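Give me a model of this one.
(2 chains)
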Amino acid sequence: MYKIAAMGDKDSIYGFASLGLHIFPFDDVDDPSEAAHTLRRLAENGYAVVYITERLASLIETEIDRLSSQPLPAVVLIPGVRGNTGAGLANVSKSVEKAVGSDILSE
Amino acid sequence: MAVLNVNPTRMELTNLKRKLTTARRGHKLLKDKRDELMRRFLDLVRENKRLRIEVEDQIRSANVAMEAARSAMSDKALDVALMLPTQEMSLDVTEANIMSVLIPVFDVKLRTANENDIYSYGFAQTPGELDDAVRAFSNAMPNLLKLAELEKSCQLMASEIEKTRRRVNALEHVMIPQYEETIRYITMKLDENERSTTTRLMKVKDMMLAQTHNYK
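Have a look, this model is predicted:
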């Protein structure tokens, strides 16, 4: 049985708590390594899906890239309350680029 | 292309010819694998993109609703309302196999079947905006899970395609030409040896004839 987690600033992820996701708030991150550490811990402790706000994700890209080649967990970027940075869609384009050689879906 | 460092013997030639056949067959198979993976990947990634745009929209409106709820109540009250969720969501993960890429398939398990258990607070002390916000998040959830599944699949397939493409290219542009070149080299060397043996024999025959019949 796997669990689901949400990481990011409290305002963006609080809504998920009521649905039964486990939330890990990171407000005003001074030390990104702490968030990276948490993500790693979640990955190793039976979380299958981790939703993470784009803002927080941009600080711990290396850890997310590392996890993207493993079968679990699925790390999914979601827009936070402070707007959409487009990082989520950019990631989709990135995997197209990786597979095809150029982003053929962008128009 | 460099010739492999091998002895120009018949045995090496047979070995190399066998390797070349294997390499050609492997190349053909990998190429087919790459094409099929690519076809599936493009379908998945198109779906992924569409779903992501939809989900981001849903989350944006959920966040707007949450913002409204937050303005209608104090931070502390909001904390209290959402502190102890009654619902708990967990996942069963099975694996599906697409062209030997293992992709996860998620199956949601809720602790309680009652769909109203997402409201973990008393309705008396919270504004209606909070209910809207929680419902908006709840509506986005099935799509969010689907998105997690799709996005992971796309990432895994992308790296598999990249690997396969490298293998195809390595076979096509390095291994196979190298084998062909080496086979040509050995064949020529062997032919050359044969010719030199023939000429040597002819020469020896001439010399022997000259000796016995005292030409000169």
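
Would you state the strands of chain B in chain order?
Assigned by DSSP state E, chain B shows strands spanning B:89-98, B:101-110.

Run the chain-centre distance for the first one.
Pointing back at strand B:89-98 there. 18 Å (C-alpha atoms, centre = their mean, to the nearest Å).

orientation of it relative to strand B:101-110 in degrees?
Counting by axes from the mean of the first three to the mean of the last three C-alpha atoms, to 10 degrees, strand B:89-98 lies at 160 degrees to strand B:101-110.

just checking, what's the longest helix in chain B?
helix B:10-72 (DSSP state H).

That one close to chain A?
Yes. Helix B:10-72 reaches chain A (C-beta under 8 Å from any C-beta of the partner chain) through B:38, B:41-42, B:45-46, B:48-49, B:52-53, B:55-56, B:59-60, B:62-63, B:66-67, B:70. Every residue, glycine included, has its C-beta placed from N, CA and C.

Can you tell me which of those residues are buried?
Listed as buried from the residues of helix B:10-72 next to chain A are B:38, B:41-42, B:45, B:48-49, B:52, B:55-56, B:59-60, B:62-63, B:66, B:70; burial here means 16 or more other C-beta atoms under 10 Å in any protein chain shown.

beta partners of the spatially most central residue of chain A?
Taking C-alpha atoms, centre = their mean, the centroid of chain A lies closest to residue A:52, which sits 3.3 Å from it. Under DSSP bridges, the beta-bridge partners of residue A:52 are residue A:7, residue A:77.

what's the weakest-modelled helix or strand in chain A?
Ranking every helix and strand in chain A by mean pLDDT, DSSP states H and E puts helix A:10-17 at the bottom, with a mean of 81.

residues contacting residue 63?
This is for chain A. A:36, A:39-40 (C-beta atoms under 8 Å, 6 or more residues apart in numbering or on different chains).

my bad, the chain I had in mind was chain B
Residues near residue B:63 by C-beta under 8 Å, 6+ apart: A:12, A:15, A:79-81.

Check it and give its pLDDT.
pLDDT recorded at residue B:63 is 86.

and it, how far is that from residue B:53?
16 Å (C-beta to C-beta, to the nearest Å).

Who are the packing partners of the least confident helix or strand of chain A?
The contact analysis (3 or more C-beta pairs under 8 Å, 6 or more residues apart in numbering or on different chains; DSSP states H and E) places helix A:10-17 against strand A:2-8, strand A:22-25, strand A:47-53, helix B:10-72, helix B:75-83, helix B:128-170.

outside of stretch B:69-78, which residues touch it?
Contacts of stretch B:69-78 (C-beta under 8 Å, 6+ apart): A:11, A:14, B:81, B:125-127, B:129-130, B:132-133.

how long is that stretch from one end to the other?
End-to-end span of stretch B:69-78 (C-alpha to C-alpha, to the nearest Å): 8 Å.

Report the distance from that stretch to the chain centre.
That offset, for stretch B:69-78, works out to 46 Å (C-alpha atoms, centre = their mean).

in that stretch, what's buried?
Going by neighbour count (16+ other C-beta under 10 Å), the buried part of stretch B:69-78 is B:69-70, B:73, B:77-78.

Quick one: mean pLDDT for it?
Throughout stretch B:69-78, pLDDT has a mean value of 80.

How about stretch B:125-144?
The pLDDT scores in stretch B:125-144 average 83.

what does that stretch contact?
Residues outside stretch B:125-144 that contact it (C-beta under 8 Å, 6+ apart): A:15-16, A:18-19, A:51, A:76, A:78, B:51, B:54-55, B:58-59, B:61-62, B:65-66, B:68-69, B:71-73, B:77-78, B:81, B:89, B:108, B:115, B:118-119, B:121, B:123.

Would you mind putting the CA coordinates of it into PDB?
Below are the C-alpha coordinates for stretch B:125-144, written out as PDB (Å, rounded to 0.1, in the frame of the first residue of the first chain):
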ATOM      1  CA  GLN B 125     -17.800  27.300  12.500                       C
ATOM      2  CA  THR B 126     -16.400  27.400   9.000                       C
ATOM      3  CA  PRO B 127     -17.600  29.400   6.000                       C
ATOM      4  CA  GLY B 128     -19.200  27.900   3.000                       C
ATOM      5  CA  GLU B 129     -16.200  29.000   0.900                       C
ATOM      6  CA  LEU B 130     -14.100  26.400   2.600                       C
ATOM      7  CA  ASP B 131     -16.500  23.700   1.400                       C
ATOM      8  CA  ASP B 132     -16.200  25.000  -2.100                       C
ATOM      9  CA  ALA B 133     -12.400  25.000  -1.900                       C
ATOM     10  CA  VAL B 134     -12.200  21.500  -0.600                       C
ATOM     11  CA  ARG B 135     -14.700  20.200  -3.200                       C
ATOM     12  CA  ALA B 136     -12.700  21.900  -6.000                       C
ATOM     13  CA  PHE B 137      -9.500  20.100  -4.800                       C
ATOM     14  CA  SER B 138     -11.400  16.900  -4.600                       C
ATOM     15  CA  ASN B 139     -12.700  17.300  -8.100                       C
ATOM     16  CA  ALA B 140      -9.200  17.800  -9.400                       C
ATOM     17  CA  MET B 141      -7.900  14.700  -7.600                       C
ATOM     18  CA  PRO B 142      -8.800  11.900 -10.100                       C
ATOM     19  CA  ASN B 143      -7.200  13.900 -12.900                       C
ATOM     20  CA  LEU B 144      -4.200  14.600 -10.800                       C
END
